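1. Generate a structure from the sequence data that follows.
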Amino acid sequence: MPGRHINHQQVSLFMTLRITHTQQTAAAKAGISVASARRIEKTPRPACAGHEPRDYRTRADPLADIWDQEVLPMLEASSKLRPVTIYHELCRRFPDKIDHAVRRTIERRIRAWRAINGAERPVIFPQVQVPGRMGLSDFTDANGLGVTVARVPLAHRLYHFAMAYSGFEHAEVVLGGESYVALASGLAIALATLGGVPLEHRSDSLSAAFRNLAVPDAEDITRRYAALVAHYGMVATRNNRGVAHENGAIESRNGHVKVRLEQALELRGHADFATLDDYRAFVAGVVGDHNRRHSKMIELERPLLKPLPPTPPVVWEETSVRVTSASGFSFRQAFYTVPSRLIGHRLHLRIHDDRIDAYLGGSYLLTMPRGRRPAKGSDRTTTHVVDYHHVIGSLRAKPGALANLSYRDALWPRPAYRCAWEALSAARPVREASRTMIALLALAHDQGVEADLAAAITIILENGELPDAALLRAQFTPAASPVPTVLVLTPSPSVYDGLLGNTQFMGMAA
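-> Coordinates of the predicted model:
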């Protein structure tokens, strides 16, 4: 239009319309004259207002007196300095010259300088995945899912295994940290589910598994991990420490599997599970759905995997402990009770991620849940894993020991028993309260009514009353019934003579 410059938007609109319209129609719709349209089509790069190249500045350079003297020395001294750090430093040095409007100028100038004069940057090389070649392992924190078990928050992470080619995945709930035991057991289950062994197993540097370990222990884990991959016939590789993208085929999947679990929990309506096994089955179901969607690729990769070894690997740690006079033993800042008959014996332990199996010689004794170190900042120095069945016999003989028992709070099998102790100890003398609680635990032990007794105690406390051991014993002890009299009649020996006669007759007939 006369008296107005043609802007870039008009030129772009004209060139787009010109594809399907005549020159006159496109020019009219773009708001330019036909002559201007003809000139635009003839000129390889039409000159538009505001886009003409210029060799002059429209305003004074705010870094003219600062760039060479202040900024360049900082950039040349360290390649790790961020532009925002340099900006804040300049604000401190020159508060009268540098304001917030200069920040973007500094960022653009530094970016351009580093593109020409900066150090070389790491290059990510895209890889071609070969079927059956690489399996990857990693751990990922899953606390953000908000899962609870019996309404108690579950602190956990996931061991995650994936095949780089087919996308096969496996996830295991890990209650502890990134340990060798969690890696070994998770990998064994994953390969058994896959039905074969890849040529190569890649993991991160396992730094978390080695943290706070003495040098001999760290070297022992290294040897055991080497034995594990040798058992499967795999080649062990790992990415460089702190370079997560080298394990990118599993790092990106960590986020995906948590998103799938989060979405499945949303569909479920809540994130509370009755037991830990229920949650593990839920995770297995979500991962199984993913594998079914990739079944074609997985079935294509399976024939190229190596067969599983004939025997399973050792996926646990082993140690020996002696049972003390307290009817228990300590292991890694946790105290475990065992039956008192084992006092003085040395037990052989197999330590798994979520449990400990105890053996006496070669005989299996029992399985205990794995105790964890107290959290940092906690007042406790030891975690107690207590089973009242192991010590109830001695507590009956020494009821006064309950009041100041070091693991008293861990002795109660259910919250109702803890509430009963708090109510009794507040209302009655400690010795009487101790006797009542020991009588209740003994009743639960003798009659096998732990859950039913807990429900009855809850009702009593809700009614504002205190539990009475004698009344509850009468309620939960089955009434003794008289033994019925059984009359046994012994027949006379002469009764059998008739049978002998019949036998002779049958023999003659034959």
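2. drop to CA atoms for contacts and neighbour counts, all remaining ones
-> Noted.
3. so where's the stretch 301-450 of the chain uncertain?
-> Along the stretch 301-450 of the chain, the parts satisfying pLDDT under 70 run over 375-380.
4. so where do the strands sit in it?
-> Counting by DSSP state E, counting those that start in this stretch, the stretch 301-450 of the chain has strands at residues 317-322, 328-330, 334-337, 346-351, 355-360, 363-369, 383-385.
5. Could you report the neighbour count for G146?
-> G146: 14 surrounding residues under other C-alpha atoms under 10 Å.
6. do I86 as well
-> I86 sits with 19 neighbouring residues when counted by other C-alpha under 10 Å.
7. can you tell me which helix or strand it belongs to?
-> Under the criterion of DSSP states H and E, I86 resides in helix 83-93.
8. Tell me which of the strands of the stretch 301-450 of the chain is the most buried.
-> strand 383-385 (a mean of 21; mean count of other C-alpha atoms under 10 Å).
9. picking that back up, pull the residues that contact the helix holding I86.
-> Outside helix 83-93, the residues within contact range by C-alpha atoms under 8 Å, 6 or more residues apart in numbering are V71, M74, K97, I98, D99, R103, I106, E107, I110.
10. and those residues as TSV, adding distance to M437, neighbour count and secondary structure?
-> What follows is these, written out as TSV (distance: C-alpha to C-alpha, whole Å; neighbours: other C-alpha atoms under 10 Å; DSSP: H, G, I helix; E, B strand; the rest coil):
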residue	distance to M437	neighbour count	secondary structure
V71	74	18	helix
M74	71	14	helix
K97	76	13	coil
I98	73	19	coil
D99	72	14	coil
R103	70	18	helix
I106	73	19	helix
E107	70	16	helix
I110	73	20	helix
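11. Report the two of those residues separated the most.
-> M74 and D99 (19.2 Å; C-alpha to C-alpha).
12. how near is Q333 to P399?
-> Distance, Q333 to P399, using C-alpha to C-alpha, to the nearest Å: 27 Å.
13. neighbour count winner among the two?
-> More crowded of Q333 and P399, by other C-alpha under 10 Å: P399, with 19 against 14.
14. still on that earlier bit, to V483, which of the strands of the stretch 301-450 of the chain lies closest?
-> Of all these, strand 363-369 sits nearest to V483, with 35.9 Å by C-alpha to C-alpha.
15. from the chain's centre, how far out does the closest one sit?
-> Relative to the chain's own centre, strand 363-369 is displaced by 25 Å; criterion: C-alpha atoms, centre = their mean, to the nearest Å.
16. From the contact counts, what lies against that strand?
-> strand 355-360 (3 or more C-alpha pairs under 8 Å, 6 or more residues apart in numbering; DSSP states H and E).
17. Tell me where the model's unsure across the chain.
-> When residues are selected by pLDDT under 70, those of the chain lie in 1-3, 44-56, 205-218, 239-249, 375-380, 480, 501-510.
18. what number of residues lie near E120?
-> Neighbour count for E120, taken as other C-alpha under 10 Å: 8.
19. That one belongs to a helix?
-> No: judged by DSSP: H, G, I helix; E, B strand; the rest coil, E120 forms no part of a helix; its state is coil.
20. so how far is V174 from it?
-> 40 Å.
21. And this protein, what are its domain boundaries?
-> Domain assignment of the chain by automatic domain parsing yields the ranges 1-56, 67-117, 134-304, 316-383, 386-477.
22. Can you get me a residue count around A439?
-> Counted with other C-alpha under 10 Å, A439 comes out at 21.
23. Was I right to think it contacts D468?
-> No: look at A439 against D468 with C-alpha atoms under 8 Å: they stay out of range, at 9.5 Å.
24. can you redo the strands of the stretch 301-450 of the chain as CSV with distance to E450?
-> Conversion of the strands of the stretch 301-450 of the chain to CSV gives the following (distance: least, C-alpha to C-alpha, whole Å):
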stretch, distance to E450
strand 317-322, 30
strand 328-330, 23
strand 334-337, 19
strand 346-351, 28
strand 355-360, 22
strand 363-369, 18
strand 383-385, 18
